[in-house]
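Peer 1: Okay, structure incoming, though there's no sequence with it:
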(Lines give C-alpha, C1' and ligand atoms only; values in the text may rest on other atoms or scores of the structure.)
Protein backbone atom coordinates (compact mmCIF):
# COMPACT_ATOMS: atom_id res chain seq x y z
CA UNK A 1 0.00 0.00 0.00
CA UNK A 2 1.44 3.34 -1.03
CA UNK A 3 1.36 6.41 1.16
CA UNK A 4 -0.92 8.14 -1.38
CA UNK A 5 -3.50 5.37 -1.32
CA UNK A 6 -3.42 5.22 2.46
CA UNK A 7 -4.05 8.96 2.60
CA UNK A 8 -6.99 8.67 0.20
CA UNK A 9 -8.77 6.11 2.33
CA UNK A 10 -8.13 8.06 5.50
CA UNK A 11 -9.58 11.17 3.85
CA UNK A 12 -12.72 9.23 3.06
CA UNK A 13 -12.87 7.93 6.60
CA UNK A 14 -12.28 11.40 7.99
CA UNK A 15 -15.03 12.91 5.87
CA UNK A 16 -17.54 10.33 7.02
CA UNK A 17 -16.65 9.73 10.66
CA UNK A 18 -14.73 12.80 11.76
CA UNK A 19 -15.95 12.62 15.34
CA UNK A 20 -14.89 9.00 15.69
CA UNK A 21 -11.44 9.73 14.32
CA UNK A 22 -10.97 12.73 16.58
CA UNK A 23 -11.86 10.57 19.51
CA UNK A 24 -9.58 7.69 18.69
CA UNK A 25 -6.92 9.12 16.41
CA UNK A 26 -3.31 8.56 17.51
CA UNK A 27 -1.59 11.55 18.99
CA UNK A 28 2.21 11.67 19.41
CA UNK A 29 3.31 8.22 18.37
CA UNK A 30 5.67 5.65 19.74
CA UNK A 31 8.61 6.45 21.96
CA UNK A 32 8.20 10.22 21.61
CA UNK A 33 4.76 10.13 23.19
CA UNK A 34 5.94 7.95 26.05
CA UNK A 35 8.89 10.24 26.68
CA UNK A 36 6.63 13.29 26.78
CA UNK A 37 4.26 11.59 29.19
CA UNK A 38 6.98 10.26 31.44
CA UNK A 39 8.81 13.57 31.53
CA UNK A 40 5.65 15.51 32.27
CA UNK A 41 4.47 13.06 34.91
CA UNK A 42 7.84 13.08 36.60
CA UNK A 43 8.39 16.80 36.93
CA UNK A 44 4.92 18.31 36.77
CA UNK A 45 3.22 18.83 40.10
CA UNK A 46 0.91 21.56 38.83
CA UNK A 47 -2.77 21.20 38.13
CA UNK A 48 -4.77 22.23 35.09
CA UNK A 49 -5.28 25.64 36.71
CA UNK A 50 -1.73 26.56 35.70
CA UNK A 51 -2.64 26.32 32.04
CA UNK A 52 -5.91 28.15 32.64
CA UNK A 53 -4.03 31.07 34.22
CA UNK A 54 -1.53 31.08 31.36
CA UNK A 55 -4.34 31.14 28.79
CA UNK A 56 -6.05 34.00 30.62
CA UNK A 57 -2.79 35.91 30.66
CA UNK A 58 -2.51 35.81 26.89
CA UNK A 59 -5.90 37.45 26.30
CA UNK A 60 -6.20 41.03 25.19
CA UNK A 61 -8.01 43.48 27.47
CA UNK A 62 -11.13 43.46 25.30
CA UNK A 63 -11.44 39.67 25.51
CA UNK A 64 -10.79 39.20 29.21
CA UNK A 65 -14.32 40.21 30.28
CA UNK A 66 -15.73 37.38 28.13
CA UNK A 67 -13.39 34.87 29.75
CA UNK A 68 -14.15 36.13 33.25
CA UNK A 69 -17.93 36.18 32.85
CA UNK A 70 -19.80 34.83 35.88
CA UNK A 71 -22.01 32.86 33.53
CA UNK A 72 -20.13 29.59 33.03
CA UNK A 73 -22.07 28.77 29.86
CA UNK A 74 -20.70 31.93 28.29
CA UNK A 75 -17.16 31.21 29.45
CA UNK A 76 -17.26 27.64 28.14
CA UNK A 77 -18.60 28.86 24.81
CA UNK A 78 -15.89 31.52 24.64
CA UNK A 79 -13.04 29.03 25.04
CA UNK A 80 -14.62 26.55 22.65
CA UNK A 81 -14.90 29.25 19.99
CA UNK A 82 -11.26 30.15 20.59
CA UNK A 83 -10.25 26.52 19.98
CA UNK A 84 -9.19 25.85 23.55
CA UNK A 85 -11.31 22.86 24.55
CA UNK A 86 -8.85 22.11 27.36
CA UNK A 87 -9.64 25.42 29.07
CA UNK A 88 -13.35 25.03 28.30
CA UNK A 89 -13.19 21.62 30.01
CA UNK A 90 -11.92 23.23 33.22
CA UNK A 91 -14.95 25.51 33.41
CA UNK A 92 -17.28 22.74 32.27
CA UNK A 93 -16.11 20.66 35.24
CA UNK A 94 -16.92 23.57 37.55
CA UNK A 95 -20.39 23.72 36.08
CA UNK A 96 -20.97 19.97 36.36
CA UNK A 97 -19.65 19.87 39.93
CA UNK A 98 -22.54 22.09 41.01
CA UNK A 99 -25.04 19.38 40.12
CA UNK A 100 -22.98 16.48 41.52
CA UNK A 101 -24.78 14.04 39.24
CA UNK A 102 -23.01 10.99 37.88
CA UNK A 103 -24.01 11.66 34.28
CA UNK A 104 -22.61 15.18 34.46
CA UNK A 105 -19.33 14.03 35.99
CA UNK A 106 -19.00 11.58 33.11
CA UNK A 107 -19.64 14.38 30.60
CA UNK A 108 -16.92 16.44 32.28
CA UNK A 109 -14.53 13.50 32.04
CA UNK A 110 -15.32 13.12 28.34
CA UNK A 111 -14.60 16.79 27.80
CA UNK A 112 -11.11 16.50 29.25
CA UNK A 113 -10.45 13.21 27.46
CA UNK A 114 -11.41 14.54 24.03
CA UNK A 115 -9.52 17.81 24.49
CA UNK A 116 -6.17 15.99 24.56
CA UNK A 117 -6.38 15.66 20.78
CA UNK A 118 -6.22 19.41 20.33
CA UNK A 119 -3.50 20.58 22.69
CA UNK A 120 -0.03 21.63 21.58
CA UNK A 121 1.88 21.48 24.85
CA UNK A 122 2.76 17.84 25.71
CA UNK A 123 3.26 18.79 29.36
CA UNK A 124 -0.47 19.43 29.61
CA UNK A 125 -1.35 15.90 28.50
CA UNK A 126 -1.01 14.12 31.88
CA UNK A 127 -2.93 16.95 33.58
CA UNK A 128 -5.86 16.55 31.21
CA UNK A 129 -5.91 12.80 31.63
CA UNK A 130 -5.70 13.08 35.42
CA UNK A 131 -8.53 15.63 35.34
CA UNK A 132 -10.60 13.24 33.22
CA UNK A 133 -9.85 10.43 35.65
CA UNK A 134 -10.92 12.60 38.59
CA UNK A 135 -14.26 13.30 36.91
CA UNK A 136 -14.89 9.66 35.98
CA UNK A 137 -14.02 8.56 39.52
CA UNK A 138 -16.37 11.15 41.02
CA UNK A 139 -19.14 9.91 38.75
CA UNK A 140 -18.47 6.26 39.54
CA UNK A 141 -18.86 6.99 43.24
CA UNK A 142 -22.46 7.88 42.43
CA UNK A 143 -23.00 5.28 39.70
CA UNK A 144 -20.50 2.48 40.35
CA UNK A 145 -21.96 0.10 37.76
CA UNK A 146 -21.63 2.39 34.76
CA UNK A 147 -19.62 0.26 32.34
CA UNK A 148 -18.90 2.99 29.79
CA UNK A 149 -17.44 5.27 32.47
CA UNK A 150 -15.26 2.42 33.72
CA UNK A 151 -14.04 1.89 30.16
CA UNK A 152 -13.21 5.57 29.77
CA UNK A 153 -11.37 5.59 33.09
CA UNK A 154 -9.38 2.55 31.99
CA UNK A 155 -8.58 4.27 28.70
CA UNK A 156 -7.13 7.21 30.62
CA UNK A 157 -4.77 4.81 32.39
CA UNK A 158 -3.76 3.23 29.06
CA UNK A 159 -3.20 6.49 27.21
CA UNK A 160 -2.27 8.96 29.90
CA UNK A 161 -0.59 7.32 32.84
CA UNK A 162 2.79 5.71 33.56
CA UNK A 163 0.90 2.47 34.27
CA UNK A 164 -0.99 1.57 31.06
CA UNK A 165 -1.27 -2.10 32.04
CA UNK A 166 -3.56 -1.08 34.89
CA UNK A 167 -5.98 0.22 32.29
CA UNK A 168 -5.66 -2.89 30.13
CA UNK A 169 -6.34 -5.05 33.19
CA UNK A 170 -9.43 -2.98 33.98
CA UNK A 171 -10.70 -3.40 30.42
CA UNK A 172 -10.13 -7.15 30.49
CA UNK A 173 -12.07 -7.40 33.74
CA UNK A 174 -14.96 -5.51 32.16
CA UNK A 175 -14.83 -7.78 29.12
CA UNK A 176 -15.43 -10.82 31.32
CA UNK A 177 -18.94 -9.60 32.12
CA UNK A 178 -19.69 -7.20 29.26
CA UNK A 179 -17.93 -8.51 26.17
CA UNK A 180 -20.60 -7.11 23.85
CA UNK A 181 -19.96 -3.52 24.90
CA UNK A 182 -19.14 -1.64 21.68
CA UNK A 183 -17.20 1.10 23.47
CA UNK A 184 -15.01 -1.57 25.05
CA UNK A 185 -14.36 -3.36 21.76
CA UNK A 186 -13.59 -0.10 19.97
CA UNK A 187 -11.08 0.86 22.64
CA UNK A 188 -9.32 -2.48 22.25
CA UNK A 189 -9.44 -2.11 18.46
CA UNK A 190 -7.87 1.33 18.40
CA UNK A 191 -5.24 0.40 20.96
CA UNK A 192 -4.28 -2.35 18.51
CA UNK A 193 -4.25 0.13 15.62
CA UNK A 194 -1.90 2.42 17.49
CA UNK A 195 0.49 -0.43 18.14
CA UNK A 196 0.04 -1.65 14.54
CA UNK A 197 -1.23 -5.04 15.66
CA UNK A 198 -3.47 -5.33 12.63
CA UNK A 199 -4.65 -8.91 13.23
CA UNK A 200 -5.94 -7.95 16.66
CA UNK A 201 -7.49 -4.75 15.34
CA UNK A 202 -9.32 -6.71 12.64
CA UNK A 203 -10.67 -9.16 15.20
CA UNK A 204 -11.98 -6.32 17.35
CA UNK A 205 -13.61 -4.41 14.47
CA UNK A 206 -15.21 -7.66 13.33
CA UNK A 207 -16.51 -8.13 16.85
CA UNK A 208 -18.06 -4.64 16.78
CA UNK A 209 -19.83 -5.45 13.51
CA UNK A 210 -21.03 -8.77 14.88
CA UNK A 211 -22.48 -7.01 17.93
CA UNK A 212 -24.12 -4.28 15.85
CA UNK A 213 -24.05 -4.56 12.06
CA UNK A 214 -25.59 -1.08 11.79
CA UNK A 215 -22.48 0.52 13.33
CA UNK A 216 -21.23 1.27 9.85
CA UNK A 217 -18.15 3.31 10.81
CA UNK A 218 -16.56 0.05 11.92
CA UNK A 219 -16.56 -1.14 8.30
CA UNK A 220 -14.33 1.76 7.28
CA UNK A 221 -11.85 1.11 10.05
CA UNK A 222 -11.90 -2.61 9.27
CA UNK A 223 -11.21 -1.84 5.62
CA UNK A 224 -8.29 0.37 6.61
CA UNK A 225 -6.84 -2.40 8.80
CA UNK A 226 -7.09 -4.89 5.92
CA UNK A 227 -5.38 -2.44 3.58
CA UNK A 228 -2.59 -1.93 6.09
CA UNK A 229 -1.99 -5.66 5.78
CA UNK A 230 -2.03 -5.48 1.99
CA UNK A 231 -5.26 -7.50 1.75
CA UNK A 232 -6.80 -5.55 -1.12
CA UNK A 233 -9.56 -8.05 -1.87
CA UNK A 234 -10.71 -7.94 1.74
CA UNK A 235 -10.49 -4.16 1.70
CA UNK A 236 -12.74 -3.99 -1.36
CA UNK A 237 -15.18 -6.51 0.12
CA UNK A 238 -15.59 -4.50 3.33
CA UNK A 239 -15.88 -1.18 1.49
CA UNK A 240 -18.62 -2.67 -0.69
CA UNK A 241 -20.51 -3.62 2.47
CA UNK A 242 -20.05 -0.13 3.84
CA UNK A 243 -21.30 1.41 0.59
CA UNK A 244 -24.44 -0.74 0.72
CA UNK A 245 -25.21 0.44 4.24
CA UNK A 246 -24.69 4.19 3.99
CA UNK A 247 -27.48 6.46 2.76
CA UNK A 248 -25.19 9.37 1.95
CA UNK A 249 -24.96 9.76 -1.83
CA UNK A 250 -21.68 11.69 -1.79
CA UNK A 251 -20.08 9.12 0.49
CA UNK A 252 -21.23 6.30 -1.79
CA UNK A 253 -19.64 8.11 -4.71
CA UNK A 254 -16.30 8.62 -2.95
CA UNK A 255 -16.20 5.03 -1.70
CA UNK A 256 -16.93 3.72 -5.20
CA UNK A 257 -14.09 5.83 -6.64
CA UNK A 258 -11.71 4.38 -4.11
CA UNK A 259 -12.90 0.83 -4.76
CA UNK A 260 -12.25 1.28 -8.48
CA UNK A 261 -8.73 2.56 -7.73
CA UNK A 262 -8.09 -0.51 -5.61
CA UNK A 263 -9.35 -2.81 -8.37
CA UNK A 264 -7.10 -1.14 -10.94
CA UNK A 265 -4.07 -1.55 -8.69
CA UNK A 266 -5.10 -5.11 -7.89
CA UNK A 267 -4.96 -6.06 -11.56
CA UNK A 268 -1.58 -4.51 -12.22
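Peer 2: Nice, thanks for sending it over. Everything numeric in this text was worked out from a predicted model, so none of it was measured.
Peer 1: Poorly predicted segments of the stretch 151-268 of the chain, please.
Peer 2: Low-confidence segments of the stretch 151-268 of the chain, defined by pLDDT under 70: 268.
Peer 1: ok, now how distant is residue 125 from residue 170?
Peer 2: Going from residue 125 to residue 170 by CB to CB, to the nearest Å gives 20 Å. For every residue, glycine as well, the C-beta is placed using N, CA and C.
Peer 1: Compare these two (neighbour count), which wins?
Peer 2: Neighbours were counted for residue 125 and for residue 170 using other CB atoms under 10 Å; residue 125 has more, 22 against 18.
Peer 1: Quick check: end-to-end length of stretch 108-128?
Peer 2: Chord length of stretch 108-128, first to last residue, is 11 Å (CA to CA, to the nearest Å).
Peer 1: what's the offset of it from the middle of its chain?
Peer 2: Distance, stretch centre to chain centre, for stretch 108-128: 11 Å (CA atoms, centre = their mean, to the nearest Å).
Peer 1: Show the average pLDDT along that stretch.
Peer 2: Stretch 108-128 shows a mean pLDDT of 91.
Peer 1: Check stretch 83-99 too.
Peer 2: The pLDDT scores in stretch 83-99 average 95.
Peer 1: outside of it, which residues touch it?
Peer 2: With CB atoms under 8 Å, 6 or more residues apart in numbering as the test, stretch 83-99 has contacts from 48-49, 51-52, 55, 72-73, 75-80, 104-105, 107-108, 111-112, 114-116, 118-119, 124, 128, 131, 135.
Peer 1: Which of the residues you listed fall within helices?
Peer 2: Among the contacts of stretch 83-99, the ones falling in helices (DSSP state H) are 49, 51-52, 55, 72-73, 75-80, 104-105, 107-108, 111-112, 114-115, 128, 131, 135.
Peer 1: Any of those buried? List them.
Peer 2: 51-52, 55, 75-76, 78-80, 104-105, 107-108, 111-112, 114-115, 128, 131, 135 (16 or more other CB atoms under 10 Å).
Peer 1: where does the closest residue to residue 233 other than its chain neighbours fall, phi/psi-wise?
Peer 2: In space, and not counting its chain neighbours, residue 233 is closest to residue 266: 7.1 Å by CB to CB, 6 or more residues apart in numbering. Residue 266 adopts backbone torsions of phi -70, psi -30, taken as degrees, to the nearest 10.
Peer 1: Tell me which residues touch residue 266, please.
Peer 2: 232, 233, 236.
Peer 1: how much space between it and residue 222?
Peer 2: Note on residue 266: its distance to residue 222, by CB to CB, is 18 Å.
Peer 1: try residue 210
Peer 2: Note on residue 210: its distance to residue 222, by CB to CB, is 11 Å.
Peer 1: Which one's more surrounded, the two?
Peer 2: Shown here are residue 210 and residue 222; by other CB under 10 Å, residue 222 has more neighbours (26 against 11).
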